[in-house]
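J.: Everything below, folded, please.
(chains A, B, C and D)
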There are 4 protein chains.
Amino acid sequence: MEKIMVNKLKNPKLSNPVLIVGLPGIGNVGKIAVEYMIDKLKMIKMIDIVSQYLPPQVFINEDGLINLAKNSIYYKKRIKDNDLIIVTGDFQGTTQEGQYELSYLILELAKELKASAVYTLGGYSIGKIVENPRVLGAVSDRKMLESIKGAGVVFPKGEPGGGIVGSAGLILGLATEVFDISSACLMGETSGYFADPRGAIALIQALSRLLSIDVDLSDLQERSKQIEEITGKMQQEGMQPKPPGKDDLGYFG
Amino acid sequence: MEKIMVNKLKNPKLSNPVLIVGLPGIGNVGKIAVEYMIDKLKMIKMIDIVSQYLPPQVFINEDGLINLAKNSIYYKKRIKDNDLIIVTGDFQGTTQEGQYELSYLILELAKELKASAVYTLGGYSIGKIVENPRVLGAVSDRKMLESIKGAGVVFPKGEPGGGIVGSAGLILGLATEVFDISSACLMGETSGYFADPRGAIALIQALSRLLSIDVDLSDLQERSKQIEEITGKMQQEGMQPKPPGKDDLGYFG
Amino acid sequence: MEKIMVNKLKNPKLSNPVLIVGLPGIGNVGKIAVEYMIDKLKMIKMIDIVSQYLPPQVFINEDGLINLAKNSIYYKKRIKDNDLIIVTGDFQGTTQEGQYELSYLILELAKELKASAVYTLGGYSIGKIVENPRVLGAVSDRKMLESIKGAGVVFPKGEPGGGIVGSAGLILGLATEVFDISSACLMGETSGYFADPRGAIALIQALSRLLSIDVDLSDLQERSKQIEEITGKMQQEGMQPKPPGKDDLGYFG
Amino acid sequence: MEKIMVNKLKNPKLSNPVLIVGLPGIGNVGKIAVEYMIDKLKMIKMIDIVSQYLPPQVFINEDGLINLAKNSIYYKKRIKDNDLIIVTGDFQGTTQEGQYELSYLILELAKELKASAVYTLGGYSIGKIVENPRVLGAVSDRKMLESIKGAGVVFPKGEPGGGIVGSAGLILGLATEVFDISSACLMGETSGYFADPRGAIALIQALSRLLSIDVDLSDLQERSKQIEEITGKMQQEGMQPKPPGKDDLGYFG
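T.: Prediction:
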């Protein structure tokens, strides 16, 4: 089989699109943010990606029907503003080769669709729950730097110290050095202890300012409040909140 | 060498076959079930698969003759009902790439043989010994859902929670999303503590209802009884039953 | 680069050769045996194999000159008896793919040279020091079974229980099922605690009977005696003998 | 994507160049040495290498601009002496395949540029801080042996005992046995506890004698002094110095 199988479901004509990538990661804030946007903006799925670089795993919906682990790409046409493309998925590539191959493929697509910019979303783990998470940035070029600074993204000296590891960093790196597409990584602060809507909200707010996106955040704020109540109780009862486990699978076929 | 070497031993003309996959996994229930069926139905081996995706290992029979680790495919022609094809083997693919490549190959074969359906068998670990194991299901489509519900397979909401990992899930996923073959995964409940004939019996009973297979289960029931006596004694003596070890190899050449 | 680079140093005309493989493994008995035979029989190197499947490592001789980690093949022409080919090396392939690719390559060579039989050598770990190590066998076919039984190789029922893992098993398995070359694995009993000349002596004695090889074993017997004196002292002093470490490298460049 | 992407920035005509490789490793002494030389000799970057064999990671400079993890090659034309080529980078290849492929590529380039010799730099860990680190050597041939002995490089019998693992060893090995380029590995003694300028100074001094390079070492000596003050204080306070951590990344996107 081919290592990556691309299934094009739609072939929309897109005008000057920007591409946003939100895959699973720290606090899952990037994935939560884009899934919320896909839902609220009623975005349309255009591409499914099945790949050996993703785990051999299916998910079961409540009717007993399955979905194979995959990455998917959605679009939304807009009248005045840039069209939107969002990449999300169940997993990042599980190997170094998979990280590179899947990131490269996404950027080939961005090039083909003449994307004017690429934004990758991630979480920045600060090890404690934060009231008002900031969004940290890293960029391909000075013009992008000014652009996202204008949207409230911050660039604290020396943070993140170790650079950015994984697809959010790699897509930015390949966009900058191989594809020559203006790009940025936006990192929402998160405790990293659980799937964290608050960091996701901060990311959507930054993107909204950048790209004139209008998303009603109330459902996500509600979800955030519920989680905070639960974690608040857990802490009162002396329990340690933990990151969500991919590992407690009841089944290995 | 080729990463997968397919050795066709027979080239039978099969009519409307269904393909059943039972590879090693939790409680080994899938593999026990299909090996019992191969034996009792006097199925004929048609294909041997040797592959880099399987461990570099030979098994020694009691005469000192060896068998290289492999996957094998058996068939049985039937008069009124669908012909049967069974896939089994010593191991699942040991890497993610191996899982995908071997699963894909099996489905290419299923397509070539015009298989009308694919059933993958697995165990569902419930962490305790159960008197009457259920068979849980996951399916490609609603028609298959109704079909296997009719055979007593159950679909408890939210189980298995983490989806299905490994070849039983992946073959179902690729059959559904890439090959468009109607398919299901049947998971026999098992403690997961040892090679468990009881979960295998439940799987064979479900398949028998689905596919009008007539298999005398008495030998497997006998084996089940023997194991229960042993584990019963172990528990009385305060010993913990353990999953069967692939690891206590006396030799690494 | 090519994953395996074969450097042919000589191109001898060999008559009805048998191929013997002794690579590092348990107690290193296979490698010790063949290196001793290469030395005592004054065998000539015909092939060097450099490969990505071997560690990125050089060894330094006492003059400061280096040797890249490799596998090598030696030959000896004989007048009345089968010519001999011996395969040895610094390492086995370090990955499953490497195990298969290197084993396959060796068998392609055996086929090309019209080898009449292949013998792989290994150690069989019994966890304690043994006075008179036996040689256990596993074979491709009944004719080979009788042949090596006649040379004193034993086939205790159910040993080795887990089969044979690694190149000694895999080469036997591929020779049997893919290349159709008569073959056997000979396993010298060893404590497995250290590089063990005694198991190697047992292997050479079995090969000598099988292939009319005449090797003076006195140097190896001397080495064995020295080791036993050391380990004897260690045990008197309450020290636990340990397997030789590949891991205490002083340098990683 | 290609597994290794070579981006040629300059195409200088070089005369009889020697190639020096300093990649991250023990005490980072090789990398520190070549980076210092690149800076002080005002060497010019000619090649960038982006590769799947390097981690999926970007580094962020103090302005928020990123650099993708890579290897890079620099050159310096000289009038009387051999021109210089230096290879350095953020990482060595992270897999065995990556080690071989990247090392092979560097040597193909050396061949293409008609390099007269290749020197790889590394650290030799001695587990304690040393006042006057020696430079140990390993070589391809006797002529190179005499040449670097003349520059003060030492060849203590049996050191390094386990040979040389990683790119410094592998490039030497492939240069010797596949490319037939005269080559040496120079290993600066280091405690291995931290990024160690003192071992780097010893390496530059040896190279200076070998290749008539004139580098002002005062900045590196200053850095060395500062580190010694810090580690001296740490030891007075009973703290254990530790190797620098690649692992304390605050972010995984």
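J.: I'd assumed A:Arg209 was in contact with A:Gly152.
T.: Yes. With contact defined as CB atoms under 8 Å, A:Gly152 reaches A:Arg209; the gap is 6.4 Å. All C-beta spots, glycine's among them, are computed from the backbone N, C-alpha and C.
J.: how about the residues of the stretch 101-250 of chain A near chain D?
T.: Remark: the part of the stretch 101-250 of chain A in contact with chain D comprises A:101, A:103-104, A:120, A:122-126, A:137-142, A:145, A:155, A:157-170, A:172-174, A:176-178, A:185, A:187, using CB under 8 Å from any CB of the partner chain.
J.: Quick check: strands, which of those are part of them?
T.: In strands, defined here by DSSP state E, the members of those are A:Thr120, A:Gly122, A:Gly123, A:Tyr124, A:Ser125, A:Gly137, A:Ala138, A:Val139, A:Ile164, A:Val165, A:Cys185, A:Met187.
J.: Roughly how far does the residue of the stretch 151-253 of chain A found nearest chain D sit from A:Tyr74?
T.: Closest approach of the stretch 151-253 of chain A to chain D (CB to the nearest CB) occurs at A:Ala168, with a separation of 2.5 Å. If you measure A:Ala168 against A:Tyr74 using CB to CB, to the nearest Å, the figure is 18 Å.
J.: tell me which residues of the lowest-mean-pLDDT helix or strand in chain A are tucked away?
T.: Confidence across the helices and strands of chain A bottoms out at helix A:218-236, with a mean of 87, counting by mean pLDDT, DSSP states H and E. For helix A:218-236, a neighbour-count test (16 or more other CB atoms under 10 Å in any protein chain shown) marks A:Leu220, A:Arg223, A:Ser224, A:Ile227, A:Thr231 as buried.
J.: now stretch A:201-215
T.: When neighbours are counted by 16+ other CB under 10 Å, the buried residues of stretch A:201-215 are found to be A:Ile201, A:Ala202, A:Leu203, A:Ile204, A:Gln205, A:Ala206, A:Leu207, A:Leu210, A:Leu211, A:Ile213, A:Val215.
J.: dump the residue contacts of the first one.
T.: Contact partners of A:Ile201, counting by CB atoms under 8 Å, 6 or more residues apart in numbering or on different chains, are A:Ala33, A:Leu217, A:Leu220, A:Gln221, A:Ser224.
J.: cool, the second one as well?
T.: The neighbourhood of A:Ala202, defined by CB under 8 Å, 6+ apart, consists of A:Val29, A:Asn132, A:Pro133, A:Arg134, A:Val135, A:Gly188, A:Glu189.
J.: Farthest pair within the residues you listed?
T.: In those, the most distant members under the criterion CB to CB are A:Val29 and A:Asn132, with 14.1 Å between them.
J.: Pick out whichever of the two has more residues nearby.
T.: A:Val29 (34 against 7; other CB atoms under 10 Å in any protein chain shown).
J.: Is the more buried one in contact with A:Gly199, as I believe?
T.: Yes. Between A:Val29 and A:Gly199 there is a contact under CB under 8 Å: 3.6 Å.
J.: Now list whatever residues contact both of these two.
T.: When CB under 8 Å, 6+ apart defines a contact, the residues bordering A:Val29 and A:Gly199 alike are A:Gly123, A:Gly188, A:Thr190.
J.: could you dump these to TSV with pLDDT and distance to chain C?
T.: Below are the shared contacts of A:Val29 and A:Gly199 laid out as TSV (pLDDT from 0 to 100; distance: CB to the nearest CB, whole Å):
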residue	pLDDT	distance to chain C
A:Gly123	96	33
A:Gly188	97	38
A:Thr190	93	36
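J.: and which of those is nearest to C:Pro17?
T.: For C:Pro17, the nearest member of those is A:Gly123. The distance, counting by CB to CB, is 62.6 Å.
J.: okay, A:Ala168 and A:Tyr74: which has more neighbours?
T.: When A:Ala168 and A:Tyr74 are compared on other CB under 10 Å, the one with more neighbours turns out to be A:Ala168, at 31 against 23.
J.: okay but the more buried one is in contact with A:Pro24, surely?
T.: No. Between A:Ala168 and A:Pro24 there is no contact under CB under 8 Å: 10.5 Å.
J.: joint contacts of the two?
T.: With contacts taken as CB under 8 Å, 6+ apart, A:Ala168 and A:Pro24 have A:Gly30 as neighbours in common.
J.: For the nearest residue to A:Lys149 once chain neighbours are set aside, what are phi and psi?
T.: With CB to CB, 6 or more residues apart in numbering or on different chains as the criterion, A:Lys149 has its nearest non-adjacent residue at 7.1 Å, and that residue is A:Phe155. When quoted as degrees, to the nearest 10, the phi and psi of A:Phe155 stand at phi -130, psi 70.
J.: Who are the contact partners of A:Phe155?
T.: In this structure, A:Phe155 makes contact with A:Leu136, A:Gly137, A:Ala138, A:Leu145, A:Lys149, D:Asp63, D:Gly64, judged by CB under 8 Å, 6+ apart.
J.: Point out the least confident one among those residues.
T.: Among the contacts of A:Phe155, D:Asp63 carries the lowest pLDDT, at 92.
J.: and that one, how many neighbours?
T.: Applying the criterion other CB under 10 Å, we find 12 residues in the vicinity of D:Asp63.
J.: That one contacts A:Leu145, doesn't it?
T.: Yes. D:Asp63 sits in contact with A:Leu145 when judged by CB under 8 Å, with a separation of 7.1 Å.
J.: So what touches the least confident helix or strand of chain A?
T.: Taking CB under 8 Å, 6+ apart as the criterion, the residues outside helix A:218-236 that touch it are A:32, A:36, A:40, A:129, A:193-198, A:200-201, A:204, A:240-241.
J.: So which of those residues wins on neighbours?
T.: Compared across those, A:Ala200 has the highest neighbour count, 31 neighbours, by other CB under 10 Å.
J.: and it, that's in a strand?
T.: No. Note on A:Ala200: no strand contains this position according to DSSP: H, G, I helix; E, B strand; the rest coil, which reports helix.
J.: residues in contact with it?
T.: Under the criterion of CB under 8 Å, 6+ apart, the neighbours of A:Ala200 are A:Asn28, A:Val29, A:Gly30, A:Ile32, A:Ala33, A:Tyr36, A:Gly188, A:Leu220.
J.: and if you look at A:Lys42?
T.: Residues in contact with A:Lys42 (CB under 8 Å, 6+ apart) are A:Lys76.
J.: May I have stretch A:78-92 as CSV, with CA atoms only?
T.: What follows is stretch A:78-92, C-alpha atoms only, in CSV (Å, rounded to 0.1, in the frame of the first residue of the first chain):
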residue,chain,number,x,y,z
ARG,A,78,-15.8,33.4,2.6
ILE,A,79,-16.9,36.6,0.7
LYS,A,80,-14.6,39.4,1.8
ASP,A,81,-11.9,37.5,3.6
ASN,A,82,-9.4,34.8,2.8
ASP,A,83,-11.0,31.4,2.5
LEU,A,84,-10.2,29.0,5.3
ILE,A,85,-8.6,25.6,5.3
ILE,A,86,-8.3,23.6,8.5
VAL,A,87,-6.2,20.4,9.0
THR,A,88,-7.0,18.2,12.0
GLY,A,89,-6.9,14.5,12.9
ASP,A,90,-6.9,11.8,15.4
PHE,A,91,-3.1,11.6,15.8
GLN,A,92,0.1,13.2,14.7
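J.: Distance check, the residue of the stretch 151-253 of chain A closest to chain D against D:Ser116.
T.: Using CB to CB, one gets 44 Å for the distance from A:Ala168 to D:Ser116.
J.: Indicate the residue of the stretch 101-250 of chain A located nearest to chain C.
T.: Closest contact between the stretch 101-250 of chain A and chain C, by CB to the nearest CB, is at A:Glu101 (18.1 Å).
J.: ok, now which ones touch that residue?
T.: A:Glu101 sits next to A:Lys3, A:Ile4, A:Ser51, A:Tyr53, A:Gly93, D:Met1, D:Gln52 when contact means CB under 8 Å, 6+ apart.
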